[in-house]
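In: turn this into a structure:
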Amino acid sequence: MDALAEMIIVGVIAIVVLDLWQLALKLLFGVPSGNWAHLGRWVSHFTRGRLYHRAIGEAEPFRYEAATGWIVHYGTGVIYAAIYLILMRDFLDREPGLLSAILFGLATLAAPWFLMQPGMGLGVAARNAEAPWAVRAKNLMTHTVFGLGLYLGVLIA
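Out: Numbers count the residues shown, from 1 in each chain. Below you'll find the predicted structure:
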């Protein structure tokens, strides 16, 4: 299979697995899913040179911010899949495996904890959230599931 096609397929599968996990948590336990409109709003504000907000929910909304958020969500999954596959095959000269996929999924926590959450007003690792440890636990679970999705994507692709 073409490497680019594999990266796209693996990334999309990993994000679909993550989204299904979040949907199951919402339906079974009432745990809210990610707010991709807020992600879209945050990213849209980049065009105005603004990366950090006191509270993204209070920031000026943008037209199509929900669609933008979903595109960024899936695009990020594909980019992470590409990095993972290149890291494993080209730098480590190994085939992707379950443990490496989960560890890579956990490593991707650096982006939300140190860039996205501070940029949206939650502080580093959601320290300003109402229940920071609950947010962190959900982040850990979600990124573990993303890693499982990467592995599943590799098996399918």
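In: report the buried residues of stretch 85-97.
Out: Neighbour counts over stretch 85-97 (16 or more other Cβ atoms under 10 Å) mark Leu85, Met88, Pro96 as buried. Just so you know, the C-beta spots here come from the backbone N, C-alpha and C atoms, and that holds for glycine as well.
In: tell me how far the ends of that stretch are from each other?
Out: End-to-end distance for stretch 85-97: 10 Å, by Cα to Cα, to the nearest Å.
In: what does that stretch contact?
Out: Residues outside stretch 85-97 that contact it (Cβ atoms under 8 Å, 6 or more residues apart in numbering): Ala3, Glu6, Met7, Val10, Tyr84, Ser100, Phe104, Leu150, Tyr151, Val154.
In: so for that stretch, what's the average pLDDT?
Out: What stretch 85-97 shows for mean pLDDT is 97.
In: closest one of the buried residues of stretch 85-97 to His53?
Out: Nearest to His53 among the buried residues of stretch 85-97: Leu85, at 33.3 Å, using Cβ to Cβ.
In: and the closest one, how far is that from Pro118?
Out: Using Cβ to Cβ, to the nearest Å, Leu85 is found at 29 Å from Pro118.
In: Ala14 too?
Out: Counting by Cβ to Cβ, the gap from Ala14 to Pro118 is 24 Å.
In: more neighbours, the two?
Out: Set Ala14 next to Pro118 and count neighbours by other Cβ atoms under 10 Å: Ala14 wins out with 28 against 19.
In: test my guess that that one contacts Gly77.
Out: Yes - counting by Cβ atoms under 8 Å, Ala14 does reach Gly77; the two are 5.3 Å apart.
In: just give the number of residues close to Val27.
Out: No Val there; residue 27 is Leu. So Leu27, with other Cβ under 10 Å, has 10 neighbours.
In: and the one helix or strand it maps to, which residues are buried?
Out: For Leu27, the host element (DSSP states H and E) is helix 3-29. Neighbour counts over helix 3-29 (16+ other Cβ under 10 Å) mark 6-15, 17-19, 21-22, 25 as buried.
In: follow-up on the earlier one: how about the buried residues of stretch 85-97 in a markdown table, adding distance to Val31?
Out: Formatted as a markdown table, those follow (distance: Cβ to Cβ, whole Å):
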| residue | distance to Val31 |
| --- | --- |
| Leu85 | 30 |
| Met88 | 31 |
| Pro96 | 29 |
